[in-house]
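*Asks:* Build me a model from this:
(2 chains)
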Amino acid sequence: MEKITKPQSVPLLLACLLTIFVLLNDPVRCHAVNEPIEQLQDSVNRIVEILRRDIPGEQWVIKKEEIVSIVKSRFAADELAQRVLALNWRARTDQEKEQFISLFSQVLETTYINRLKSYSDEQVSFKKQIVNGDKAIVYSEILKNNQEIPIVYRVKEDTGQWLIYDIIIEGVSLVQNYRQQFEGIINKEGYDGLVRRMEEKIEENKQKDREEKEQ
Amino acid sequence: MVIKDMVHARLIAVLVFLLVLVSGWGNPGWLGGHLQSPAWAAEEEMADDAFLDELDGLDEQESGIEVSDPLEPVNRFFFHFNDKLYFWALKPAARAYGAVLPQDFRICIRNAFHNLLFPVRFVNNVLQGKFKNAGIEASRFVINTTAGVAGFGDPAKDVFDLEIKEEDLGQTFGYWGIGNGIYFCWPVLGPSTMRDTVGLFGDSYLSPLGWVMQSDLDDGLALSGGQQVNNTSLVIGDYEAFLQSSFDPYISLRDAYIQYRQSKIKDSNQNNKIY
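*Replies:* Numbering: from 1, shown residues only, chains lettered A, B, ... in the order given. Alright, predicted model coming up:
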């Protein structure tokens, strides 16, 4: 009897394994639970909630820290950096790549986060999404001064999380805009020149931040 | 009057000729596109292209829109001129103006100027064969001019859900497949391209502001100055934020303009498919 069951159980076991494997990898099943549009909306909602929160005496720094951590968990910093450097990315050593990712994230953080301070109840609405494998495009709109500004996110899936690697505001891609600027700077001043300019920019933004705090 | 018209006609003819020459009808021509690479660079370039494709994947077709900018030194000069114009004249004026008039009122004035430009949008929708959108624009004009009290309100959108179908001659040329041509940064007018400059010139014949300017230059300039100040008062801080975020504001603005116009032309192509 044993001799018969053994060969029978092998294909059965294989079939089970295959089913489990297929189920685990089925993209439809994974994505249905967590759509990119839902994940982005959730992040935006959480940020808006923090901005609206009105606790007497609460400083902007505390809100800012919370927002930064939400934003950071929603961005693919390495993908973003790679796309911004484009062809110049490959010429970089691993150390340079890491340094660039960190510098560029800081540039974006110091440039853009403080702008949220002037948030005054602008409505953000998410329109639709187009998913293609592990990449997706999410369309949203923000209403400012009675005008809708279209904002489109390019996102990439990473272990169940959809992470932003480009933001397109009114048709203008952030990645392409920085790419063009950085290409020009690298051509004129070399890669070291770009690193210097980024460090200066971060310092300049932080300085502005300090000045605002003193006022 | 006849002589003036003839001069205009000749100017348009020359501009259209230049446009066709420079843009190469949408092909990346000898001025509008990239320079021919030497043969030895071909292999390297192919590897580069593959790398970029891999990076861009989904969004491949949208990447790498560039514009030829042979006049960069002159353009940069006017970019700085405009920058100073903003900080020294436009911004202080808009600030003072904004302090006097409440925001809602300024939005109404912006609406009214926008309503006046209806002929530009209508004709260009027609020129692109978007008759449904042209109809929407016509309805918007009728509703907003009457119920919206001379265009100050926008009941067409607020009540009837009729969205603006923004079109201009530059977009129409783009829709017809005409390329950007070279980039310009005009004093006062700001960023543009050969194609969009010719478009602007053509549109001025459809714009009531343009008509006023032709009959009385001073009145026309005063009106469009007023429009500038009004609209600027609603976006104070945007330009400053733009400057803060950029490393080379000239390049950043040039790229933003080209991308923005490209998306407008593409958008209107897609709208056309839907209808």
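
*Asks:* What are the boundaries of the helices in chain A?
*Replies:* Assigned by DSSP state H, chain A shows helices spanning A:2-25, A:27-33, A:36-52, A:60-74, A:77-85, A:94-112, A:174-214.

*Asks:* Now the closest residue to chain A within chain B: closest residue in space that isn't a chain neighbour?
*Replies:* In chain B, the residue found nearest to chain A is B:Ser263; the distance is 2.6 Å by CB to the nearest CB. From N, CA and C alone the C-beta is placed, and that goes for glycine too. Excluding the flanking residues, the one nearest B:Ser263 by CB to CB, 6 or more residues apart in numbering or on different chains is A:Gly171, at 2.6 Å.

*Asks:* could you give the mean pLDDT of stretch A:149-156?
*Replies:* The average pLDDT for stretch A:149-156 rounds to 92.

*Asks:* Contacts only, for the closest residue to chain B within chain A.
*Replies:* At 2.6 Å from chain B, A:Gly171 is the closest residue in chain A, using CB to the nearest CB. If you count contacts by CB atoms under 8 Å, 6 or more residues apart in numbering or on different chains, A:Gly171 has them with A:150, B:259-260, B:262-264, B:267.

*Asks:* any idea how far it lies from A:Val152?
*Replies:* Per CB to CB, to the nearest Å, A:Gly171 is found 8 Å from A:Val152.

*Asks:* and what of B:Glu163?
*Replies:* B:Glu163 is 18 Å from A:Val152, by CB to CB.

*Asks:* again with B:Ser246
*Replies:* 20 Å.

*Asks:* cool, and B:Lys157?
*Replies:* B:Lys157 is 22 Å from A:Val152, by CB to CB.

*Asks:* With B:Phe141 instead?
*Replies:* The value you get for B:Phe141 to A:Val152, if CB to CB is used, is 30 Å.

*Asks:* B:Phe118 too?
*Replies:* 29 Å.

*Asks:* And A:Leu103, by the same measure?
*Replies:* According to CB to CB, A:Leu103 stands 26 Å off from A:Val152.

*Asks:* Buried ones in the helix or strand harbouring B:Ala138, by neighbour count?
*Replies:* Element membership for B:Ala138, per DSSP states H and E: helix B:131-146. For helix B:131-146, a neighbour-count test (16 or more other CB atoms under 10 Å in any protein chain shown) marks B:133-134, B:136-137, B:140-141, B:143-145 as buried.

*Asks:* tell me the mean pLDDT for that helix?
*Replies:* 92.

*Asks:* Are that helix and chain A in contact anywhere?
*Replies:* No: in terms of CB under 8 Å from any CB of the partner chain, no part of helix B:131-146 sits within range of chain A; the closest distance is 13.8 Å.

*Asks:* what's in contact with the following helix or strand past that helix?
*Replies:* With elements assigned by DSSP H and E, the helix or strand that comes after helix B:131-146 is helix B:155-158. If you take CB under 8 Å, 6+ apart as the criterion, helix B:155-158 is touched by B:139-140, B:143-144, B:147-148, B:162-164.

*Asks:* Thanks a lot, see you next time.
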